[in-house]
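Asks: turn this into a structure:
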Amino acid sequence: MRATWVVGHGLLGSAVARTVPPDDMLFRVPFRFRWGDSAALNEQFNRAVADFALMAKRADDWAIHWTAGVGTMHSDADALATETAALESLLSQLKAHPVIRRYPGRFTFASSAGAIYAGSRDLLISESSEDAPTTHYAIAKLQQEKILSEYCRHNPNVAVLMARYSTLYGPEQASGKAQGLLTHISRQVVRGLPVRIYVPLDTIRDYLEVDDAARGMLAASESVSLGSAVTKIVASERPTTISEIIALFRKVSWRPPKIITSMTRSSSLYAKRIQFKSWLRPDLRAVYRTSLVVGISAVLDAERMRYAHDG
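Replies: From the prediction side, this is the model:
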């Protein structure tokens, strides 16, 4: 039995909470974190860690999955500094609590492979590829990973996994937030509106269904030894062009997408070709079992239901 805390309840956080083993005690914070107020957030983390420690003491084991974050590829350094400070605040509370220090624990951190390797010249990106950030967002993710590595170095009773994700998608993404190409296309298709795409149609990405991503992250976390900090790319390892995505939408939708292509200043932030291959725990590829055609159908269905409900 384990006490488990999922920090963040967005697309990935919700999937991780669904994927946590049923024998785990899932910790739920009884208030909303005030991410924009550092003093208030520090106090909230203090209260939450104290409550979580009581659960960890009953379980003799704990895990924290950090999926929080408000930053995007377009965020500036100041906005991302707030996100980094929040992570540091939580880690300082964990380091200071005697119960958390006493029992073995696992900390998984959701990072971004697409951002961190955006400037890579490697045709196939793996954990041995050099980091190649091109945005403040990627630099912030690397800084946060470094902070976690230091935390692990000084806390040998903790195992840390930095999960660098490819492009995640899922039905929950189709809930109003302007996020993700597959969600954007679905939203426009359902409304009969044109789809604007700001990168070349031969741009290659790796799309990973979010429940598959959660399963992969949790399984990889279990393989990390206490006292170790490990980086793993979590990706479907199935490269797909935007042209192929559009073709799949034409296959599963009764209303084919109307595509308008144009370039903007921000288009240069995105690498044209990103292909991933993880050498850490290659056996975990079996958990990435949702095909793109099935995943796109689910995102479309979710958007249709939301549109029917909201009008």
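Asks: only C-alpha atoms for contact and neighbour calcs from this point on.
Replies: OK.
Asks: who are the contact partners of Thr67?
Replies: Thr67 sits next to Val6, Val7, Gly8, His9, Gly10, Leu12, Gly13, Phe109, Ala110 when contact means CA atoms under 8 Å, 6 or more residues apart in numbering.
Asks: show me where the stretch 151-300 of the chain has its helices.
Replies: Along the stretch 151-300 of the chain, counting by DSSP state H, counting those that start in this stretch, helices occupy 181-191, 210-222, 242-252, 292-310.
Asks: now the stretch 1-150 of the chain
Replies: Using DSSP H, counting those that start in this stretch, the helices found in the stretch 1-150 of the chain span residues 11-19, 38-59, 77-96, 98-102, 113-116, 136-153.
Asks: picking that back up, for the helices of the stretch 151-300 of the chain, which one sits closest to Ala235?
Replies: helix 210-222 (7.4 Å; CA to CA).
Asks: contacts for that closest one, please.
Replies: Outside helix 210-222, the residues within contact range by CA under 8 Å, 6+ apart are 11-12, 15-16, 19-20, 106, 108, 159-161, 163, 165, 168-170, 232, 234-235, 281, 284-285, 287-290.
Asks: may I see the PyMOL selection of the buried members of these?
Replies: A single PyMOL command selects the buried members of the contacts of helix 210-222 (16 or more other CA atoms under 10 Å):
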select buried, resi 11+12+15+16+19+20+106+108+159+160+161+163+165+168+169+170+232+234+235+285+287+288
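Asks: looking at strand pairing, list the partners for Asn209.
Replies: Not Asn; residue 209 is Glu. Taking DSSP bridges as the rule, Glu209 bridges to Tyr169.
Asks: what about it, how many residues close to it?
Replies: 25 (other CA atoms under 10 Å).
Asks: please apply the same query to Lys141.
Replies: Using other CA under 10 Å, Lys141 has 24 neighbouring residues.
Asks: check the one 10 residues further on too.
Replies: The number of residues packed around Tyr151, counting by other CA under 10 Å, is 21.
Asks: wouldn't it be in contact with Leu91 here?
Replies: Yes: using CA atoms under 8 Å, Tyr151 is in contact with Leu91, at 7.4 Å.
Asks: so who does Ser14 touch?
Replies: Residues near Ser14 by CA under 8 Å, 6+ apart: Gly8.
Asks: swap that for Lys232, sorry
Replies: Glu127, Leu161, Met162, Ala163, Arg164, Ala220, Ser278, Leu280.
Asks: show me the beta-bridge partners of the third one.
Replies: Which is Met162. Phe109, Thr231.
Asks: can I get the helices of the stretch 151-300 of the chain in TSV including distance to Asp51?
Replies: Listed next are those as TSV, based on distance: least, CA to CA, whole Å:
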stretch	distance to Asp51
helix 181-191	37
helix 210-222	23
helix 242-252	45
helix 292-310	35
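Asks: for Met25, find the nearest of the ones you listed.
Replies: Here helix 210-222 is closest among those (CA to CA), at 15.1 Å.
Asks: re the thing from before, same list, the contacts of Lys232, but as JSON lines with distance to Asp24 and pLDDT please.
Replies: Shown next, in JSON lines, are the contacts of Lys232 (distance: CA to CA, whole Å; pLDDT from 0 to 100):
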{"residue": "Glu127", "distance to Asp24": "30", "pLDDT": "96"}
{"residue": "Leu161", "distance to Asp24": "19", "pLDDT": "98"}
{"residue": "Met162", "distance to Asp24": "21", "pLDDT": "98"}
{"residue": "Ala163", "distance to Asp24": "21", "pLDDT": "98"}
{"residue": "Arg164", "distance to Asp24": "24", "pLDDT": "98"}
{"residue": "Ala220", "distance to Asp24": "17", "pLDDT": "96"}
{"residue": "Ser278", "distance to Asp24": "28", "pLDDT": "95"}
{"residue": "Leu280", "distance to Asp24": "25", "pLDDT": "90"}
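Asks: follow-up on the earlier one: quick one: closest of the helices of the stretch 1-150 of the chain to Leu226.
Replies: helix 136-153 (8.7 Å).
Asks: out of the helices of the stretch 151-300 of the chain, flag the one nearest Ile274.
Replies: That would be, of those and by CA to CA, helix 242-252, which comes in at 12.2 Å.
Asks: just the buried positions in the closest one, please.
Replies: Ile242, Ile245, Ile246, Leu248, Phe249.
Asks: contacts only, for the last one.
Replies: By that I understand Phe249. Shown in contact with Phe249 (CA under 8 Å, 6+ apart): Pro256, Pro257, Ile296.
Asks: do Ser236 as well
Replies: Per CA under 8 Å, 6+ apart, neighbours of Ser236: Ser166, Asp206, Tyr207, Leu208, Arg285, Tyr288.
Asks: how many neighbours does the fourth one have?
Replies: It refers to Leu208. The burial count for Leu208: 25, using other CA under 10 Å.
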